[in-house]
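Asker: Give the three-dimensional model of this entry:
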Amino acid sequence: MKPRPSRRVALAALVLCLLCTAAAAVSFARGSWAGLAWVLAAGFCSNAAWYCARGTRAVAWAGTAGASATSCAGGAVCGSCGRQAC
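Answerer: Next up, the predicted model:
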């Protein structure tokens, strides 16, 4: 199981997303179509920030009877909902 990504990485990706958005706005204001590349970069950074903030899903406990990788049976934390103990 991989360790959960750092919140600092998520914050850095969010800041980079805001900077890309500002660069896209400036590019479009100057009449340049290069702003499209900045919009795509902002989308990528936004997805990276979301992924890092959310973290990786926890694998259901091995050995829990009747629990699959996506269920919360037996009190395992699956990561697919906001509750810590489903």
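Asker: which stretches of the protein have low pLDDT?
Answerer: Scanning the chain for pLDDT under 70 picks out the ranges 1-6, 56-86.
Asker: Contacts only, for Val39.
Answerer: Contact partners of Val39, counting by CB atoms under 8 Å, 6 or more residues apart in numbering, are 20-21, 24. C-beta here means a position set from N, CA and C on the backbone, and glycine is covered the same way.
Asker: Which helix or strand contains it?
Answerer: Per DSSP states H and E, Val39 falls inside helix 35-54.
Asker: One more: Val9?
Answerer: helix 7-29.
Asker: rewinding a little: orientation of the helix holding Val39 relative to helix 7-29 in degrees?
Answerer: Put simply, helix 35-54 runs at 160 degrees to helix 7-29, going by axes from the mean of the first three to the mean of the last three CA atoms, to 10 degrees.
Asker: Just give me the neighbour total for Val15.
Answerer: 12 (other CB atoms under 10 Å).
Asker: Sorry, wrong one. I was asking about Cys45.
Answerer: For Cys45, the count of nearby residues is 20 (other CB under 10 Å).
Asker: Contact partners for the closest residue in space to Ala34 that isn't next to it in sequence?
Answerer: Using CB to CB, 6 or more residues apart in numbering and skipping the chain neighbours, the partner closest in space to Ala34 is Ser27 (5.0 Å). Residues near Ser27 by CB under 8 Å, 6+ apart: 33-35, 38.
Asker: try 7 Å this time
Answerer: Counting by CB atoms under 7 Å, 6 or more residues apart in numbering, Ser27 makes contact with 34-35, 38.
Asker: ok, the nearest residue to Ala41 once chain neighbours are set aside to Cys52 distance?
Answerer: Closest residue to Ala41 apart from its sequence neighbours, by CB to CB, 6+ apart: Cys20 at 4.5 Å. Computed as CB to CB, to the nearest Å, the Cys20 to Cys52 distance reads 16 Å.
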